[in-house]
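# Sequence first, then the predicted structure:
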Amino acid sequence: MNAMTAKRRRTFRTRRNIRTPVDNGRMRLSVFRSARYIYAQVIDDRTGRTLAEANSKALAPSGSKTEQAGEVGKALAERAKEAGVTRVVFDRGPYRYHGRVKALADAAREGGLEF
């Protein structure tokens, strides 16, 4: 089994577990992590539209990558609240809930999003 197959399996396993809350009206907060940047967006799966997004590439915060992820989480929470979204389901994709992904989630919670 190659690495791409294992990554896709982890992604689909995570998405399968969050399908029910999304069907009940919650928006999905999706995270993508590259080696250098972190991206997050709030998606309405019913219409297939992105309602709010934030990333460390555009914000250009200073500090470690974990601190940058926290800034992205705060910015995303502000933009989501402006769009009228307060309740989301956290979609971490194939990534573990650790490090940068955890920092982003914690900052989004502090910013007012309810997971």
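Received it, and whenever you're ready, just let me know what you need. Numbering: from 1, shown residues only.

# List the buried residues in the longest helix seen in the chain.
Longest helix in the chain, counting residues (DSSP state H): helix 3-23. Across helix 3-23, burial judged by 16 or more other CB atoms under 10 Å covers 14, 18, 21, 22. C-beta: built from backbone N, CA, C; applies to glycine.

# pull the helix or strand with minimum mean pLDDT from this structure.
Lowest by mean pLDDT, DSSP states H and E among the helices and strands of the chain is helix 3-23, with a mean of 82.

# Show me the contact partners of it.
Applying CB atoms under 8 Å, 6 or more residues apart in numbering, the contact partners of helix 3-23 are 28, 45, 89, 90, 91, 92, 93, 94.

# Could you measure from the nearest residue to the second one once chain neighbours are set aside over to residue 49?
Spatial nearest neighbour of residue 45, excluding adjacent residues (CB to CB, 6 or more residues apart in numbering): residue 22 at 5.1 Å. Distance, residue 22 to residue 49, by CB to CB, to the nearest Å: 14 Å.

# cool, residue 6 as well?
30 Å.

# going on from the longest helix of the chain, what's the next piece of helix or strand?
strand 27-33 (DSSP states H and E).

# For residue 63, list the residues it contacts.
Here residue 63 is in contact with residue 71 (CB under 8 Å, 6+ apart).
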